[in-house]
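**Student:** next comes the sequence, and after it the predicted model I'd like to discuss.
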Amino acid sequence: MAFGALLRESPSLAAVTTFAELGLSETTLQALRDVGYTEPSPIQEQTIPPLLGGRDIIGQAQTGSGKTAAFGLPLVEYIDPEIKDCQAIVLTPTRELCIQVTQALRAYGETKGVDVVAVFGGAPIRTQQAQLRAGGQIVVGTVGRVLDLITRASLILHDCRFVVLDEADEMLDLGFLEDVEKILSRTPSGRQTALFSATMPPPIRKLADRYLYEPEVIKVEAKTLTVDTVEQFRLEVGQKDKPAKLVEVLAVEKPTQAIVFARTKIRCDQLFRTLRDKGMNVRALHGDMSQGSRDGVMLAFKGGRVPILVATDVAARGLDISSVTHVVNFDVPISPDTYVHRIGRTGRVGRSGRAITFVEPKQQSELEAIEKHTGVKMTEWAPGAKTAAAPVEEKPHRHDKPQVDKSVDHEGPWAKLIVAAGKAEGIKPADLVKAVTSAAGIGGEAVRDVKIFERFSFLSVPEGDSKRIIEAVSGAEIKGTKISLEPVGSES
Ligand code: AMP
């Protein structure tokens, strides 16, 4: 239903296509009715016909776009039920994604009786070898384990003519690209290949050039992926206040299920302990944990028994948990793409979600890069905050008694100030710097971190001079708008 809504919002795709029109067989259509999909998502609409037609494709799409069915449905159609050998392989970067894709493919291939086997590290190889001996028309596997099974001659890819690389950029990040090439070289050269990647860094492009044949490139913009269904908030907070703020946010938001993202395994563990010590029902998920405990955590979270999961990006990548209502970025994601991946965990098909990103005063530019990437300005978080049509029109939450927010560096403390005017008034950074320097009689080096938003702007000045600057600038005009400066309330 939500995908239908997305389609209707996009004028170029106004006429909603049905799954039947994409060329899927009645058997598969029945499977889709069973899983409850009524309309194809944009990536499905664009990917299914060329894949059914035997073309190679590059799909630039993230989890949450419906990419699994985009390749999974043609995959199921492709399988000859009479042949028991491995006819298709899906490579995934992580074990979690492997399991998830396997479950999806089993559902799509249920009516046709397609046999799907999952192979991944951290589980007994013997069991997987036995499963492969018994069947496995489609094998879904993590790169390392697949290679291992090939080396042991337990997995033979001579007749594997359909290859999917899922989340190829993540394979690159994890250092698996060479192994991926080794696996590809074991498959017939006349194979059909589909490569999915949220981003297309040069090594992935090179891989595609070398191993794909005249691929059709299908790109689903991040904006249509997740952002539409996710209310996005930012919360400016000093580093040391972050844990306390997180506790407050969780208490106020009362998420049904939330994933809190931390940048590193260590922070993930620390945060987990902080929340646990506050009496919260919380678990941690990161790469240093044993497979067994990761599985336990996943099952508990997926089953809804645990409402809060603190995770690192890699561990939580690709997880499809439709009941997640909140994503909290405790640390600003390392890249805009990571941000989209993270918030893609919420606001899943047919639901809306809330994403709250903690930003330290010095991380403004990182946040702006994210906003530029998603095309959505985040609203300042406050208890009960809602995103409006023009989200940045909301003013930041301020305390009754404003305090000067100090950002100390080698030149001494700086005070962060806010101006109640911004882009809407036609103000550019240079205008603001000029107005402040000329009114206060200070040099340009005394103004820094200028950020212009729709209805307000920020700048920092040396704290010792801030009072004088505030007074001097009060009433100055920029492009006919009277401006005044105020200290930004700190979060403490
Ligand atoms: P994916 O991007 O493949 O991880 O899919 C995200 C979620 O969307 C999964 O929970 C799928 O079951 C669901 N989904 C995929 N395609 C559709 C569709 N056409 N209609 C409704 N839900 C879908």
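**Tutor:** Received it, and whenever you're ready, just let me know what you need. Numbering: from 1, shown residues only.
**Student:** please count neighbours and contacts with C-alpha atoms only from this point.
**Tutor:** Fine.
**Student:** the strands in the stretch 51-200 of the chain, which residues?
**Tutor:** 57-60, 88-92, 116-119, 138-142, 162-165, 192-196 (DSSP state E, counting those that start in this stretch).
**Student:** TSV please, covering those strands and showing mean pLDDT and distance to the ligand.
**Tutor:** Shown next, in TSV, are these (pLDDT from 0 to 100; distance: least, C-alpha to the nearest ligand atom, whole Å):
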stretch	mean pLDDT	distance to the ligand
strand 57-60	96	11
strand 88-92	98	13
strand 116-119	97	17
strand 138-142	97	14
strand 162-165	98	13
strand 192-196	97	11
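**Student:** Throw the ones you listed into CSV and include mean neighbour count and distance to G480, thanks.
**Tutor:** Formatted as CSV, those follow (neighbours: other C-alpha atoms under 10 Å; distance: least, C-alpha to C-alpha, whole Å):
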stretch, mean neighbour count, distance to G480
strand 57-60, 24, 46
strand 88-92, 26, 57
strand 116-119, 25, 66
strand 138-142, 27, 61
strand 162-165, 24, 56
strand 192-196, 25, 51
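**Student:** how about those strands, which one is nearest P307?
**Tutor:** Nearest to P307 among those is strand 88-92; the distance by C-alpha to C-alpha comes to 26.9 Å.
**Student:** what angle do strand 138-142 and the closest one make with each other?
**Tutor:** Relative orientation of strand 88-92 and strand 138-142, computed by axes from the mean of the first three to the mean of the last three C-alpha atoms, to 10 degrees: 20 degrees.
**Student:** could you check how far the residue of the stretch 101-250 of the chain found nearest the ligand is from T68?
**Tutor:** Of all residues in the stretch 101-250 of the chain, A104 sits closest to the ligand, at 7.1 Å by C-alpha to the nearest ligand atom. According to C-alpha to C-alpha, to the nearest Å, A104 stands 7 Å off from T68.
**Student:** could you identify the helix or strand that succeeds the lowest-mean-pLDDT helix or strand in the chain?
**Tutor:** Ranked by mean pLDDT, DSSP states H and E, the weakest helix or strand in the chain is strand 406-409, scoring a mean of 36. Per DSSP states H and E, the first helix or strand lying C-terminal to strand 406-409 is strand 412-419.
**Student:** roughly how far does I427 sit from K302?
**Tutor:** Distance from I427 to K302, by C-alpha to C-alpha: 48 Å.
**Student:** quick one: mean pLDDT over the helix or strand hosting L367.
**Tutor:** Assigned by DSSP H and E, L367 falls within helix 364-374. For helix 364-374, mean pLDDT rounds to 86.
**Student:** which parts of that helix count as buried, going by neighbours?
**Tutor:** Buried residues in helix 364-374, counting neighbours by 16 or more other C-alpha atoms under 10 Å, are found at 364, 366-368, 370-371, 373-374.
**Student:** helices or strands next to it in the packing?
**Tutor:** helix 336-343 (3 or more C-alpha pairs under 8 Å, 6 or more residues apart in numbering; DSSP states H and E).
**Student:** now for the helix it packs on, which elements pack on it?
**Tutor:** Checking 3+ C-alpha pairs under 8 Å, 6+ apart, helix 336-343 ends up next to strand 326-329, helix 364-374.
**Student:** contacts for the first one, please.
**Tutor:** Spelled out, it's strand 326-329. Applying C-alpha atoms under 8 Å, 6 or more residues apart in numbering, the contact partners of strand 326-329 are 255-262, 342-343, 345-346, 353-358.
**Student:** any quick PyMOL command for the buried ones out of these?
**Tutor:** A single PyMOL command selects the buried members of those (16+ other C-alpha under 10 Å):
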select buried, resi 255+257+258+259+260+261+262+342+343+345+346+353+354+355+356+357+358
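**Student:** of the contacts of strand 326-329, which belong to helices?
**Tutor:** Under the assignment DSSP state H, the contacts of strand 326-329 contribute 342-343 to helices.
**Student:** and the buried residues of helix 364-374, which is closest to the ligand?
**Tutor:** T374 (17.5 Å).
**Student:** and the residue of the chain most remote from its centre, what pLDDT?
**Tutor:** Ranking residues of the chain by C-alpha distance from their mean position (C-alpha atoms, centre = their mean) puts G441 at the top, at 45.9 Å. Model confidence at G441, given as pLDDT, is 79.
**Student:** backbone torsions only: list them for it.
**Tutor:** Note on G441: backbone dihedrals following degrees, to the nearest 10 are phi 60, psi 40.
**Student:** and what of G384?
**Tutor:** Torsion angles, degrees, to the nearest 10, at G384: phi 80, psi 10.
**Student:** ok, it - contacts?
**Tutor:** 252-253.
**Student:** quick check: the nearest residue to E454 once chain neighbours are set aside vs D431, distance?
**Tutor:** Distance criterion C-alpha to C-alpha, 6 or more residues apart in numbering; nearest residue to E454, sequence neighbours excluded, is K423 at 4.6 Å. Separation of K423 from D431 (C-alpha to C-alpha): 11 Å.
**Student:** then G292?
**Tutor:** Separation of G292 from D431 (C-alpha to C-alpha): 58 Å.
**Student:** got the end-to-end distance for stretch 103-117?
**Tutor:** Start and end residues of stretch 103-117 are separated by 10 Å (C-alpha to C-alpha).
**Student:** what's the distance between that stretch and the middle of its chain?
**Tutor:** 27 Å (C-alpha atoms, centre = their mean, to the nearest Å).
**Student:** tell me which residue is most central in the protein.
**Tutor:** H341 (1.0 Å).
**Student:** where do the helices sit along the stretch 201-350 of the chain?
**Tutor:** 202-211, 222-225, 242-253, 265-277, 291-302, 313-316, 336-343 (DSSP state H, counting those that start in this stretch).
**Student:** check those helices for me: which has the lowest mean pLDDT.
**Tutor:** Ranked by mean pLDDT, the helices of the stretch 201-350 of the chain end with helix 222-225 in last place, scoring a mean of 44.
**Student:** domain map for this protein?
**Tutor:** 3-220, 225-380, 414-491 (automatic domain parsing).
**Student:** how about those in JSON lines, adding distance to K386?
**Tutor:** Shown next, in JSON lines, are these (distance: least, C-alpha to C-alpha, whole Å):
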{"stretch": "domain 3-220", "distance to K386": "21"}
{"stretch": "domain 225-380", "distance to K386": "7"}
{"stretch": "domain 414-491", "distance to K386": "17"}
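**Student:** wait, what's in contact with K254?
**Tutor:** K254 neighbours (C-alpha under 8 Å, 6+ apart): none.
**Student:** next one: A315
**Tutor:** Here A315 is in contact with 94, 96, 285-287 (C-alpha under 8 Å, 6+ apart).
**Student:** and the protein, which residues reach the ligand?
**Tutor:** Contact residues, the chain versus the ligand (C-alpha under 6 Å from any ligand atom): 37-41, 63-69, 320, 349.
**Student:** let's go with 5 Å and repeat that
**Tutor:** Proximity of the chain to the ligand (C-alpha under 5 Å from any ligand atom) is limited to residues 37, 39-41, 63-68.
**Student:** in JSON lines: these, plus neighbour count and pLDDT.
**Tutor:** Compiled in JSON lines, these are given as follows (neighbours: other C-alpha atoms under 10 Å; pLDDT from 0 to 100):
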{"residue": "Y37", "neighbour count": "14", "pLDDT": "86"}
{"residue": "E39", "neighbour count": "20", "pLDDT": "86"}
{"residue": "P40", "neighbour count": "23", "pLDDT": "89"}
{"residue": "S41", "neighbour count": "29", "pLDDT": "87"}
{"residue": "T63", "neighbour count": "24", "pLDDT": "72"}
{"residue": "G64", "neighbour count": "23", "pLDDT": "72"}
{"residue": "S65", "neighbour count": "24", "pLDDT": "80"}
{"residue": "G66", "neighbour count": "20", "pLDDT": "88"}
{"residue": "K67", "neighbour count": "21", "pLDDT": "93"}
{"residue": "T68", "neighbour count": "20", "pLDDT": "95"}
